[in-house]
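Q: 3D, please:
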Amino acid sequence: WILEPMQMGADAVRKFTVLRGLRLVRLARAVRLLPQFKEMWMLIRGLTDSARTLLWTYVIIICVLYVFAIAATELIARSEDFKNDKVVQEQFGDV
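A: Residues are numbered from 1 along each chain as shown. Take a look at the predicted model:
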């Protein structure tokens, strides 16, 4: 609805986005050489070096959370105290 009155297509916007990204890369190269940003680059390098470890940490956390969610759903839904509770069965009744 914005591009139609300007007679522009989505392809032109994508080209501008690529150019903007290249401009940011050029700016990052220039900033990297400035001594004021040395600590920032050390932090960024540390984050990129630890990305693989962080990824696997997130995967393990998600798996553990999933297992405990399934266990809690099974324990709550199958409990005798909540067998006839309509709200509990609606929320936890089925995986």
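
Q: check the model's average confidence along stretch 16-23 for me.
A: For stretch 16-23, the mean pLDDT works out to 82.

Q: next one: stretch 82-95
A: 79.

Q: again, but for stretch 68-76
A: 86.

Q: tell me the gap between the lengthiest helix in the chain and the middle of its chain.
A: Longest helix of the chain, by residue count under DSSP state H: helix 51-78. Mean-position distance between helix 51-78 and its chain equals 16 Å (Cα atoms, centre = their mean, to the nearest Å).

Q: what's that helix packed up against?
A: Helices and strands touching helix 51-78, as assessed by 3 or more Cβ pairs under 8 Å, 6 or more residues apart in numbering; DSSP states H and E, comprise helix 86-92. In short, each C-beta sits where N, CA and C put it, glycine included.

Q: in the helix it packs on, what counts as buried?
A: Phe92 (16 or more other Cβ atoms under 10 Å).

Q: can you name the residues in contact with it?
A: With Cβ atoms under 8 Å, 6 or more residues apart in numbering as the test, helix 86-92 has contacts from Ala72, Thr73, Ile76, Ala77, Phe82, Lys83.

Q: chain center to that helix: distance?
A: 30 Å.

Q: which parts of the longest helix of the chain are buried?
A: Ile76, Ala77.
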